[in-house]
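> Quick one: sequence and predicted model below, then my questions.
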Amino acid sequence: MSSGPIIGIDLGTTHSLVGVMDAGFVVLVPDTDGRRLLPSIVSWQNGEAPPLVGYPAKRARSLAPERTILSAKRLMGRRWSDLAETEKTMDARLVTDAKGLTLIELPLVDGPKRVSAPEVAAELLRELANRASRYLETQVSKVVITVPAYFNDAQRQATKEAGESAGLEVVRILSEPTAAALAYGMDRHHKQARIAVYDLGGGTFDCSILELNEGVFQVLATSGNTLLGGDDLDQAVYAVLWQELPGEVRDSLHASARARLKEEVELAKIRLSTQEEAEIEIPFLTPLYSFRRILTRLELEDLARPLLEKTRRHCLRALQDAGLRPEDLKEVLLVGGQTRMPLVRSLVKEWLGHEPNISLDPDEAVARGATIQAGILSGAMQNMVLLDITPLSLGIETFGGLMNVIIPRNSTLPTKAGELFTNAADGQRLMKIRVLQGERELARDNWFLGELDLEFQPGPRATARIGVQFELDADGILHVLARDTVTLQEKRVGLRSVVDVTDEKVGQMVSESVEHALEDMQERQWIESELKARRLMELTRKALSQAGENAGAERIIPVETALLQMQAAMDQKGLAELKSSMKNLDEASKPLAQWLMDQATEAMLKRKGVL
Amino acid sequence: MNAFQLFGIDPVPFLDAEVLKATFLERSVRLHPDVGGAETAPAFAELNEAYKILLSDRLRLRHILELHGLKDLGSIGAVPGHLVDLFMQAGSLLNTSDRLIKNRLRAESFLEQAALQGDLLEKMNGLQMLLSELHSIRKTLSERLIVMGTVRADNPQSLENLKELYLELSYVEKWMEQVQEKIFLISEYVV
C-alpha cells in the first residue's frame, strides 16, 4: 500500500516498545543498553536541555517528581471535567486550559511550562522512532500505534496527534488486545479458533473475543475500562502503607519521599508474583525515619481482589456480546504486565474455564502485533487481514435527552451509517446535533464527542433534507459528511468540542457553594447522617426479627451490640461517632447478611424443587 | 443497495450463515482498506453493511420487503395477536426487574443488600423462564423461515406471510435482547 518502512509501537501506560519487520521477522528494537522496554516517563529540565525520556527520566523521578510525568496515557484526550477528583492529585500539577483540556503544569525556574498528554507521548514516540531508524539505518516516518480497545474517539484522536507532533505519520491506530491476538495467531494457521484476550496493563483493562479464520482475524466483541490497571493496585498498597506511617512522618513526607515509597511498592508487587513475601526497606525516608515493612502475597491479593472483580464483568459482557459461552473458546490469552500475578491467572481460569495461555511475553505481545499490522499495511505480510470493531456505540442526542444509537458497539470497521434530518420550523437555517459515544440510555451519561452544525436552505418547515453520514474509519475515528439531498451539496462537517462549563465557572461554582456551605455544613451533615442512621436502624431491626433465633447468637449478638452503640451515638449527637458507629454496624452485620442471603437462595432452590 | 446482489445470491428468506461468512471473509481479504488501500474502502464498507443485513434473519426479511417497495417498516405496528399475553408479561417483568436492579445498585449496607436477595432470585427465575419460552417461540419462527426457505417471495400472498413473520421476529428478538440484558445485570448479584 505504501513505500518506506512502517514500524509498530506499543505506547503503554507504564512501558512502551517499538518493533520493526526485518526479513519477514518481527524484531523488537532494544536501546543501546540492550533494553527493549522504555519506561513511559518524561522529565522536563530547567534551561535549554531537552526533556529526559525513559530510564533517565525514571531516575529523575525521585529527585524532581514535580517535573516528571508518569502515566500520561491516563490523561489522553480527556477533558478536565471528565477527571475524578482523585485523578487530579498526581505528583505533577494538573490544570485546565480555555478549551477544557487537561494540561500538566511544570514548575521550571524560568516560569511554569504547560504540556499536554499528547506532547508527553510525542517525546516517547520520538525516542522509539529514533531507535527504529538507527536499527533500520533509514529515516522512519510511518507508524502503527496501539491503544486500549476501549479508547473512545477523542482518546484515539489524541494518540494520532501525539504521533503527528513527533513528526510521524500514524497509518493505523490499533487495539491492544487485537494486536496481541495477531502476535498469537501469526505462527498458528488455525482453520478456525475463537479466543479471548485478557489484557490488564498498567493503566487500562480490555477483554476481547476474536475469531481466527486462516489469516483473517475478526474481532467479535470487546469490553473494558480505560481507567483500571496495575497502577491502581500500586496505589491501593501505597495507601495502606501511608496509613501505617506515624503521623509526624506522614506530615513531613515530601513529594520526592512519596515517589520513593511508590517506586518501592511497585517493585515489591512485582517480586510478589514469584515470592510469598517481599520486604520494603527505605533507609531515611525522612531524615529521622527509616521505613521497613514486609508485604505478603496474601495481603497483596486481598487488595487486588476488588480491582480484579471489576474485570470479570467485562469478560462476561464481551462473551455475551459475542453470543458465546466460555466453552466455545479455544484459548484464553493473557497480556499486560499485571497478568503475571498468580491471582490473575487463577481467577481468569475460574471465570473463563480455560487454563490461560501464557506463551506470549505479556509485555511484548502488543508491540509484536503492532509490528505485524505494520507488515500487513506495508504489503510485507500477504493473505492476512484484521477486521476490528468499534468498542462503543455511536449515537446522537434526541429531543428528550436520550441517546439514539446510529452505529452499535462491536460493529466491524470501517463502517458508516446515515440519518436524515429536516428543518423543524419555517425558515430554520441551522440545526445543532450532539454526537455521543457510550452505552447508556440517557444522553448525558455518555461521552460527549462534540456538536455539529447543519445548515439548511431556508424554506417552509419539513422541506429541507440533509442526509448525514457518520463514518468510523479503520482507526475507529469518526468522520461526518453532510449531504443536502435537495441541492446535492456535500460537506465534511467538523465536530466542535464544546465544554459545558468553563474552568472559571467551575471555580465560581465551587467558591459559591463553599461560602454557603460553611455555615450550615455541620448541621446538614448531621441531618443527613441521622437520616441514614435511622434507615439503617430500621433495616437492622427488621433483619433481626426476620432471622429470629435461627441465625445463631454469633451472628446476632455483634449486631445487637453495634446497634446499641449507634443508638448511643445518636443520643449524644456526635457526628463523627455516629458515622463510625454506622460503619461498625455495617461491618458487624456482614455475617448476618450473608446468612440471610443463603436463606433466600435456599428458599428459592426449595421452591424450584432442587432441594 | 441490494445486499443479495452484492453477495451474488438470490433474494430468498433463508440463508446458510456459514456460507455467508465464508464469502464475507474471502472478500474481506481483498477489499479491506488495509490490503486494498483507500480505493477499496467504500466497497468494503458496503460489503460490511450487506453482511450485517444478510446475517440477521430479521434484517434480511426486512431487506426483502424493502426491495419489494414496502416502506415504513421501522415502526413495526401492533403486537401480533397471539403474542399479546406474552408481551404484557414481558413488559411488567422487565419493568419490575429494572426497578429492582436500580434499588440494588443504591443499596449501601450489607443488610440492605441481603434484604433484596430474595426478590432478585425471584426475578432471575422469572426472567429465565420467560427467556426459555421466547427461545422456543424463536425456534418455531426459524422453522417457518426454513420452510419459506429458498423460494423467492414475489407474489402478494408470500410477501404478506413474510411481513407477518418479520413482525413476530422483530418483537421476539427485541424481548429476548432485553431479557438477556436484565439477566446479565442481575447475575452480578445472584450466582
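Sure, I can see it.
> hey, where'd the helices end up in the chain?
If you meant another chain, say so; for now it's chain A. In chain A, the segments counted as helices under DSSP state H are A:55-60, A:117-136, A:153-165, A:176-185, A:230-244, A:247-251, A:255-271, A:297-322, A:342-352, A:365-378, A:503-547, A:553-572, A:575-588, A:590-608.
> Can you look at chain B instead?
Counting by DSSP H, the helices of chain B are B:3-7, B:17-31, B:33-36, B:41-55, B:57-67, B:84-106, B:110-148, B:156-186.
> quick one: the residue in the stretch 251-400 of chain A that chain B sits nearest to from residue A:98, how far?
Nearest to chain B in the stretch 251-400 of chain A, going by Cβ to the nearest Cβ, is residue A:385, at a distance of 4.8 Å. All C-beta spots, glycine's among them, are computed from the backbone N, C-alpha and C. Plainly put, residue A:385 is 43 Å away from residue A:98 if you go by Cβ to Cβ, to the nearest Å.
> When these two are compared, which one has more neighbours?
residue A:385 (22 against 9; other Cβ atoms under 10 Å in any protein chain shown).
> from memory the more buried one sits against residue B:29, does it?
Yes. If you go by Cβ atoms under 8 Å, residue A:385 and residue B:29 touch, sitting 5.1 Å apart.
> any common contacting residues for those two?
Taking Cβ atoms under 8 Å, 6 or more residues apart in numbering or on different chains as the contact rule, residue A:385 and residue B:29 both touch A:215-216, B:35.
> possible to save those residues as TSV with neighbour count, distance to residue A:339 and pLDDT?
Formatted as TSV, the shared contacts of residue A:385 and residue B:29 follow (neighbours: other Cβ atoms under 10 Å in any protein chain shown; distance: Cβ to Cβ, whole Å; pLDDT from 0 to 100):
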residue	neighbour count	distance to residue A:339	pLDDT
A:215	18	27	83
A:216	21	26	89
B:35	21	32	85
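> now those residues in JSON lines, with distance to residue B:128?
Below are these laid out as JSON lines (distance: Cβ to Cβ, whole Å):
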{"residue": "A:215", "distance to residue B:128": "40"}
{"residue": "A:216", "distance to residue B:128": "36"}
{"residue": "B:35", "distance to residue B:128": "45"}
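> and which of these is nearest to residue A:168?
residue B:35 (22.3 Å; Cβ to Cβ).
> Spatially, which residue comes closest to the closest one, not counting chain neighbours?
residue A:385 (5.5 Å; Cβ to Cβ, 6 or more residues apart in numbering or on different chains).
> One more: residue A:268?
Nearest non-adjacent residue to residue A:268 (Cβ to Cβ, 6+ apart): residue A:278, at 4.0 Å.
> Give the bridge partners for whichever residue of the stretch 51-200 of chain A sits closest to chain B, please.
Of all residues in the stretch 51-200 of chain A, residue A:172 sits closest to chain B, at 7.6 Å by Cβ to the nearest Cβ. Counting by DSSP bridges, residue A:172 forms beta bridges with residue A:144.
> And it, what's its pLDDT?
For residue A:172, the model assigns a pLDDT of 93.
> do the same with residue B:36
Here the pLDDT value assigned to residue B:36 is 83.
> Around chain B, pick out the residues from the stretch 401-550 of chain A.
Within reach of chain B by Cβ under 8 Å from any Cβ of the partner chain, the stretch 401-550 of chain A has these residues: A:411-412, A:414-416, A:471, A:473-474, A:536, A:539-540, A:542-543.
> can you pull the contacts of the residue of chain B positioned farthest from its centre?
Most distant from the centre of chain B: residue B:111, at 38.9 Å, with distances by Cα atoms, centre = their mean. By Cβ under 8 Å, 6+ apart, the contact set of residue B:111 is A:536, A:539-540, A:543, A:586, A:589, A:592-593, A:596.
> Excluding residues flanking it in the chain, which one is nearest residue A:320?
residue B:184 (5.8 Å).
> Kindly report the same for residue A:68.
residue A:43 (4.1 Å).
> Any stretches of chain B with poor pLDDT?
Counting by pLDDT under 70, chain B shows low-confidence ranges at B:72-77, B:150-151, B:153, B:191.
> Actually, chain A.
In the predicted model, chain A carries pLDDT under 70 at residues A:1-3, A:85-92, A:187-190, A:496-521, A:611.
> how about the residue nearest to the spatial centre of it, what does it touch?
Chain A has residue A:226 as the residue nearest its centroid, 1.5 Å off, counting by Cα atoms, centre = their mean. Shown in contact with residue A:226 (Cβ under 8 Å, 6+ apart): A:74, A:148, A:150-151, A:155, A:203-204.
> which one of these sits closest to residue A:237?
Looking across the contacts of residue A:226 and measuring by Cβ to Cβ, the closest to residue A:237 is residue A:203, at 15.9 Å.
> List the contacts of the closest one.
Residues in contact with residue A:203 (Cβ under 8 Å, 6+ apart) are A:13-14, A:71, A:73-74, A:226-231.
> List the ones among these that fall in strands.
In strands, judged by DSSP state E, none of these are found.
> circling back to that earlier point, which stretch among the helices of chain B is buried most, on average?
Sort the helices of chain B by mean neighbour count, taking mean count of other Cβ atoms under 10 Å in any protein chain shown, and helix B:33-36 sits at the top with a mean of 21.
> quick one: which of the helices of chain B is nearest residue A:301?
Per Cβ to Cβ, nearest to residue A:301 of the helices of chain B: helix B:110-148, 22.0 Å.
> by how many degrees do the closest one and helix A:590-608 diverge?
Orientation of helix B:110-148 against helix A:590-608 (axes from the mean of the first three to the mean of the last three Cα atoms, to 10 degrees) gives an angle of 30 degrees.
> I'm done for today, thanks for sticking with me.
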